[in-house]
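Asks: dropping a prediction and its sequence here:
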Amino acid sequence: MVDLKWWQTAVFYQIYPRSFADGNGDGIGDFIGMLEKLDHLSDLGVDALWLSPHFPSPNWDCGYDISDYTGVAPEYGTLEDFKTFLRAAHARGMRVILDLVLNHTSDQHPWFLESKSSRDNPKADWYVWMDSLRPGGEGSGVRVPPNNWQSCFDGEAWTYVPERGQYYYHYFMKQQPDLNWHNPEVRKAMWEAVRFWLDLGVDGYRLDAIGTIFENPKLTPHDVPFDLAGIRRASELARTPAEKKQIEKYWYDMFKHQWAQSGMHELMKELRAVVDEYDGDRLLVAEDENIAYLGNGNDELHLVFNFPLMRTDRITPSHVRRNQKERLTQLEALPAVRGWPCNTLGNHDTSRLHTRYCDRQHDAELARLHAALVLTLKGTPFLYNGEEIGMTDLVITDPAKLRDTMATWYYDRLVNELKVDPQEAAVRAGEMSRDKNRTPMQWSNNPNAGFAPHNVETWLPVNPNYRNGINVRDQQHNPSSLLNYYKHLLQTRKESAALLAGEYIPLHNTARDYLAFVRKSEDQTILVILNFSEKKLALDFSRTREIKGRSLQILFSSAERLKTVKPPYGLAISPFEVFIAEAQARAKT
Ligand code: GLC
C-alpha cells in the first residue's frame with residue numbers, strides 16, 4: 001500500500017464532551033465518563049477522536065467561548081483527568097485531536113478583560129476595536145456602530161464599551177470578541193497555547209471557524225435589506241425556489257465582508273510551522289471547505305472538510321456524483337502533493353443525519369446507506385457521536401430548556417420585535433437551535449439513557465427514544481443493529497487497502513437509483529454499490545474496464561447475503577442494499 005499518514009487512513013469520531021458520558025453524576029459529561037467509554041470506541045473501531053472544546057468557559061456558546069486556553073473546564077474534570085484520558089486513548093491505539101478556537105475568546109478571558117479596561121493597556125490592541133466611523137457618529141452626541149455588520153449569532157456585530165468609548169467586533173456572540181490577528185503578540189500567545197497541548201501529546205487540532213479570522217479592512221457595509229433576525233425569519237418563510245435562492249444570496253451578501261479575507265494563508269503557514277516542530281505527523285483539519293488552505297500540500301493545513309457533500313436536503317446518487325467529481329478534480333489539481341479528501345455528514349452544529357436525510361419510511365435502510373457512503377468514499381471520514389446508534393434530533397419547544405443561546409436570542413427577537421406568536425416562536429427557536437443535535441448520548445435503556453444517574457437533571461433533556469432501542473447496550477446485543485453494522489463496516493474498511501487508499505472511479509453515471517463506484521489501489525479493486533431506492537436492481541458491470549472478466553467476491557452486504565462469488569453481470573441488488581465486493585483475479589477461460 002502506498003505510504004499514507006495515520007490521518008489519511010483513520011476514521012475520526014467527534015465527541016461532544018458535555019453530552020458524552022457523565023462520570024460524576026452532575027448531569028454534564030466529563031473526562032471520567034469519556035474514559036469509561038473508551039472501550040465502546042475501540043470496539044466500534046474508530047481510530048481517532050476529536051474533542052469539542054473542553055476548556056474553561058462561561059458557556060455562552062457551549063465551550064466555544066474560551067476563558068483559559070490551557071485549562072480544563074471544572075465540570076469536565078482536571079488537567080490530570082485529561083492526561084489520564086489521553087494516555088488511555090493512546091494505549092488503545094486511538095489518537096486525540098482538540099478543538100482550537102482562534103477567531104475569538106470569551107469576553108471573560110483575562111486578555112479581553114485587560115484589553116477592554118482602557119485604550120492604552122498592554123493588551124489594548126489584542127481585539128478588534130473601532131471608533132464610531134459613521135458621519136453623525138463621534139462628536140455628534142449620537143453613538144452609532146462603525147457599520148451595519150451583523151453577528152451571525154446575536155444581532156449587531158459591534159458592542160460598545162464605555163471604558164474605552166469604543167466598539168469591539170464579534171462575528172459570533174457579544175460574549176465572543178474577535179481577536180486581532182494582525183497583532184504579532186496575539187499570535188505568539190496563541191501559539192504558546194497550541195504548544196501546551198502538543199507538549200502533552202495531543203495529535204493535532206480541528207480549527208474552528210477559520211474563515212472568520214480576518215475582516216474587510218475597509219469595513220464596507222452590507223447592502224441586504226434585513227438584520228440578522230429579519231433574514232432568519234425570511235429564510236423560514238421563503239417557499240418558492242426563487243425566494244429561497246434570493247435569501248441564500250442575501251445570507252452570502254450579508255457576511256461577505258466578514259469572511260475569507262486575505263491574510264489567512266500566512267497565518268496558516270505560521271501555525272503549520274508550529275505544529276511541524278513536533279514529531280508524529282500532528283494534524284490540522286479546518287472547519288472550512290476551501291481547499292486553498294491545503295497550501296502546497298505541505299505548508300498549510302492537512303485537511304479541510306467536504307462540506308458541500310452535506311449541503312443538501314437529501315443524499316441522492318446524483319448529488320454525490322456531482323460532489324465527488326467537483327471535489328476530487330479540485331483536489332487533484334493542487335500543485336505538488338495531492339490534496340486528501342475529508343468527508344462527513346454531521347457534527348454538533350447540524351441536524352443529525354438520521355433526522356435530516358431520512359424519510360420516516362426507510363430510516364433504518366437509509367441510515368445504513370449514509371454510513372456506507374461516508375465510509376467508502378475516498379478520504380478521511382468523520383463521524384459524530386450517537387450516529388452509530390441512529391440518534392435523532394430532539395426539538396426542544398420549551399424556550400426555558402434551550403441552552404444554545406443563539407436560539408434563545410432568536411426566540412426573544414421573534415416574540416418581542418417581530419411579534420410572532422410565542423408558541424410558533426418556540427417551535428422555530430427549537431428547530432434552529434443546535435441543542436436538538438447535542439442531547440446526551442444514549443448508552444442504555446436505564447433512566448437518563450445511562451448517560452447520568454437516574455435522579456439527576458441532565459444539562460439538556462435526554463431524547464426519550466432511548467427506550468425504543470436507540471441506545472448502545474440494546475444494540476450491542478442485537479446482531480442486526482445499526483451499531484453492529486457500523487462495526488462490521490469499519491472492520492471491512494480497515495481490512496481493505498483499496499477502501500483506505502484507492503482511487504475513486506465512478507460508474508454508471510446516469511443511474512438515478514443507485515451509486516456505483518470502484519475503489520482501486522495497486523493490489524485491490526473494490527466495487528461499491530449503494531442502492532438508494534426500494535427497487536430490486538439487476539446490474540451489469542461486465543463491460544466496466546476495471547472489472548471486466550473478473551468475478552466478484554462479496555465482502556460486505558447490508559442484505560441477507562452469503563459471502564459468495566458472483567459474476568459481474570446479472571447482479572441482483574436488493575432494495576436499499578449496500579454491496580461491497582472485491583474483483584478477483586481474471587477468470588481463466
Ligand atoms: C464553529 C463551531 C460552533 C461555534 C462557532 C463559534 O462553527 O463549530 O459550534 O458556535 O464556531 O465558535
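Replies: Perfect, I can see it now.

Asks: contacts and neighbour counts: CA atoms only from here.
Replies: OK.

Asks: lowest-scoring secondary structure element of the chain by mean pLDDT?
Replies: Least confident helix or strand of the chain, by mean pLDDT, DSSP states H and E, is strand 565-566 with a mean of 90.

Asks: whatever residue of the stretch 251-400 of the chain ends up closest to the ligand: what's it in contact with?
Replies: The ligand sits closest to D349 of the stretch 251-400 of the chain, with a gap of 5.5 Å, by Cα to the nearest ligand atom. With contacts defined as Cα atoms under 8 Å, 6 or more residues apart in numbering, D349 is in contact with 434, 437.

Asks: go again using 7 Å as the cut-off
Replies: Applying Cα atoms under 7 Å, 6 or more residues apart in numbering to D349 gives the contacts R434.

Asks: now swap in R467 and tell me
Replies: N445.

Asks: and it, what pLDDT?
Replies: Listed pLDDT for R467 reads 98.

Asks: could you look up the SS state of it?
Replies: Recorded secondary structure, R467: helix (DSSP: H, G, I helix; E, B strand; the rest coil).

Asks: quick one: it and the ligand, what's the gap?
Replies: 28 Å (Cα to the nearest ligand atom, to the nearest Å).

Asks: with just CA atoms, put stretch 56-66 into CSV.
Replies: The C-alpha trace of stretch 56-66 is given here as CSV (Å, rounded to 0.1, in the frame of the first residue of the first chain):
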residue,chain,number,x,y,z
PRO,A,56,-12.9,26.6,30.9
SER,A,57,-15.7,28.7,29.5
PRO,A,58,-18.7,30.7,30.7
ASN,A,59,-20.6,28.6,28.1
TRP,A,60,-22.4,31.3,26.2
ASP,A,61,-21.6,29.1,23.1
CYS,A,62,-21.2,25.7,24.8
GLY,A,63,-17.5,25.9,25.2
TYR,A,64,-16.6,27.8,22.0
ASP,A,65,-16.1,30.9,24.2
ILE,A,66,-12.9,30.0,25.9
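
Asks: now tell me what touches that stretch from outside.
Replies: 53-55, 67-68, 71-74, 101, 105-106, 109, 175-176, 404-405.

Asks: what about 8 Å?
Replies: Contacts for stretch 56-66 (Cα under 8 Å, 6+ apart): 52-55, 67-69, 71-74, 101, 104-109, 173, 175-176, 403-406.

Asks: how far is stretch 52-66 from where the chain is centred?
Replies: How far stretch 52-66 lies from its chain's middle: 16 Å, per Cα atoms, centre = their mean, to the nearest Å.

Asks: mean confidence (pLDDT) on that stretch, please.
Replies: Stretch 52-66 comes out at a mean pLDDT of 98.

Asks: from Y250, how far out is the residue of the stretch 251-400 of the chain closest to the ligand?
Replies: 21 Å (Cα to Cα, to the nearest Å).

Asks: with K535 instead?
Replies: For K535 relative to Y250 (Cα to Cα), the value is 40 Å.

Asks: what residues does the chain have near the ligand?
Replies: 61, 64, 208-209, 349 (Cα under 6 Å from any ligand atom).

Asks: Throw those into TSV and include secondary structure, thanks.
Replies: TSV is the format used below for the residues of the chain next to the ligand (three-state DSSP):
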residue	secondary structure
D61	coil
Y64	coil
D208	strand
A209	coil
D349	coil
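
Asks: considering these, which possesses the most neighbours?
Replies: Y64 (25 neighbours; other Cα atoms under 10 Å).

Asks: so who does I573 touch?
Replies: Residues in contact with I573 (Cα under 8 Å, 6+ apart) are 531, 536-539, 579.

Asks: which of those residues fall within strands?
Replies: Applying DSSP state E to the contacts of I573, the entries found in strands are 531, 537-539, 579.

Asks: reformat the residues you listed as TSV; add pLDDT.
Replies: Converted to TSV, the ones in strands among the contacts of I573 look like this (pLDDT from 0 to 100):
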residue	pLDDT
N531	98
L537	97
A538	97
L539	97
F579	97
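
Asks: tell me the confidence at the residue most central in space within the chain?
Replies: With distances taken as Cα atoms, centre = their mean, N347 lies nearest the centre of the chain, 3.8 Å away. pLDDT, N347: 98.

Asks: residues contacting the nearest residue to it once chain neighbours are set aside?
Replies: Nearest residue to N347, sequence neighbours excluded (Cα to Cα, 6 or more residues apart in numbering): Y384, at 5.4 Å. Residues near Y384 by Cα under 8 Å, 6+ apart: 13-15, 346-348.

Asks: swap in 7 Å and give it another go.
Replies: Neighbouring residues of Y384 by Cα under 7 Å, 6+ apart: 13-15, 346-347.

Asks: in strands only, show me those.
Replies: Those of those mapping onto strands are 13-15, per DSSP E.

Asks: what residues of stretch 105-124 count as buried?
Replies: For stretch 105-124, the buried set under the neighbour-count rule, 16 or more other Cα atoms under 10 Å, comprises 105-109, 111-112, 114-116, 118-119, 123-124.

Asks: quick one: P461 and M441 touch, right?
Replies: No. In this structure, P461 is not within contact of M441 by Cα atoms under 7 Å, at 10.7 Å.

Asks: tell me where the stretch 351-500 of the chain has helices.
Replies: Counting by DSSP state H, counting those that start in this stretch, the stretch 351-500 of the chain has helices at residues 353-356, 363-376, 405-416, 422-432, 472-476, 482-494, 497-501.

Asks: need the winner for burial among the ones you listed.
Replies: The highest average neighbour count among the helices of the stretch 351-500 of the chain, using mean count of other Cα atoms under 10 Å, belongs to helix 497-501 at a mean of 24.

Asks: name the nearest of the buried residues of stretch 105-124 relative to P341.
Replies: Relative to P341, the closest of those is T105; by Cα to Cα it sits at 29.8 Å.

Asks: burial measure for N455, as a count.
Replies: Neighbours of N455 under the rule other Cα under 10 Å: 11.

Asks: closest residue of the stretch 1-150 of the chain to the ligand?
Replies: Counting by Cα to the nearest ligand atom, the stretch 1-150 of the chain gets nearest to the ligand through Y64 (4.5 Å).

Asks: show the backbone phi and psi for that residue.
Replies: Main-chain torsions, Y64, degrees, to the nearest 10: phi -90, psi 10.

Asks: same question, the one 10 residues further on
Replies: In this entry, P74 is assigned phi and psi values of phi -60, psi -30 (degrees, to the nearest 10).

Asks: tell me, how many residues neighbour whichever residue of the stretch 451-589 of the chain sits closest to the ligand?
Replies: Here the residue of the stretch 451-589 of the chain nearest the ligand is L460; by Cα to the nearest ligand atom that distance is 15.8 Å. Using other Cα under 10 Å, L460 has 20 neighbouring residues.

Asks: burial measure for the closest residue to L373 other than its chain neighbours, as a count.
Replies: Closest residue to L373 apart from its sequence neighbours, by Cα to Cα, 6+ apart: L530 at 7.7 Å. Residues near L530, counting by other Cα under 10 Å, number 26.
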